[in-house]
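Participant: Model the following, please.
(2 chains)
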Amino acid sequence: EVQLVESGGGLVQPGRSLRLSCTASGFNFSDYAMSWVRQAPGKGLEWVGFIKSKGNGETTEYAASVKGRFTISRDDSKNIAYLQMNSLKTEDTAVYYCSKTVVVGASDYFDYWGQGTLVTVSS
Amino acid sequence: QSVLTQPPSVSGAPGQRVTISCTGSSSNIGAHFDVNWYQQLPGTAPKLLMYGYASRPSGVPDRFSGSKSGTSASLAITGLQAEDEADYYCQSYDSSLSLVVFGGGTKLTVL
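Facilitator: Residues are numbered from 1 along each chain as shown, chains lettered A, B, ... in the order given. So this is what the prediction gives:
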């Protein structure tokens, strides 16, 4: 059974940093891209970024709203994907979901999701 | 404002058929990038409902179906049930923005 468990969320002041983790099980983690998607309170889904598998060069892509501030990485030996968030802004407040990503050319889709972790950016 | 446009809400009585539209442009749906659909039940994480326009993951009932025409896609739900009450999101890729895009979401209410 595929399981994704996010951790690391919490309350953080604007301008500070936070690192989220996504621990995966139930599938061959190293073979798959992993994505992060966020959802601000009462709002819709917003793609944050992804990291492809090592076999696909561990390529990363980011949404314009987080590019230069957020970094996605992975540790295939531990089956963990990370989201390093720097220079946090109040508008980054959201539930952050990690998802196992199926890459189909550019038509990627997210076939399994974690339960999410809440990040609140506030002074 | 989302690149993919969905109606904010739709509703239907149990047993009825409802459709949810997802309108894009020539740089996403019209450029033949796939449309995928997700269901988010209240208080839970999204779940993949449909991928590649009309393919259902294992476990998704065949009451759910997807289609595409031009720069729009649609999700149809037949035999509406109370447990279908949820938010539904379409998702694709936009070549002008070079990123994954979601629709704004549609809240389905079962009357």
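
Participant: Does B:Ala73 touch B:Cys90 like I think?
Facilitator: Yes. Under the criterion of C-beta atoms under 8 Å, B:Ala73 makes contact with B:Cys90 at 6.2 Å. Where you see a C-beta, it was placed from the backbone N, CA and C, and this is true even at glycine.

Participant: So for these two, which sits in the more crowded spot?
Facilitator: Each of B:Ala73 and B:Cys90 has its neighbours counted (other C-beta atoms under 10 Å in any protein chain shown); B:Cys90 has more, 31 against 28.

Participant: ok, now which ones touch that one?
Facilitator: When contacts are counted by C-beta atoms under 8 Å, 6 or more residues apart in numbering or on different chains, B:Cys90 touches B:4, B:6, B:20, B:22, B:35-37, B:73, B:75, B:102-103.

Participant: Buried ones among those residues?
Facilitator: B:4, B:6, B:20, B:22, B:35-37, B:73, B:75, B:102-103 (16 or more other C-beta atoms under 10 Å in any protein chain shown).

Participant: now these as a markdown table including distance to A:Val95, pLDDT and secondary structure?
Facilitator: Listed next are the buried ones among the contacts of B:Cys90 as a markdown table, based on distance: C-beta to C-beta, whole Å; pLDDT from 0 to 100; DSSP: H, G, I helix; E, B strand; the rest coil:
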| residue | distance to A:Val95 | pLDDT | secondary structure |
| --- | --- | --- | --- |
| B:Leu4 | 21 | 96 | strand |
| B:Gln6 | 20 | 97 | coil |
| B:Ile20 | 23 | 98 | strand |
| B:Cys22 | 23 | 97 | strand |
| B:Val35 | 24 | 95 | coil |
| B:Asn36 | 20 | 96 | strand |
| B:Trp37 | 20 | 98 | strand |
| B:Ala73 | 26 | 96 | strand |
| B:Leu75 | 23 | 97 | strand |
| B:Phe102 | 14 | 96 | strand |
| B:Gly103 | 18 | 97 | strand |
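
Participant: Of these, which ones also sit close to chain A?
Facilitator: Applying C-beta under 8 Å from any C-beta of the partner chain to the buried ones among the contacts of B:Cys90, one finds that B:36, B:102-103 fall near chain A.
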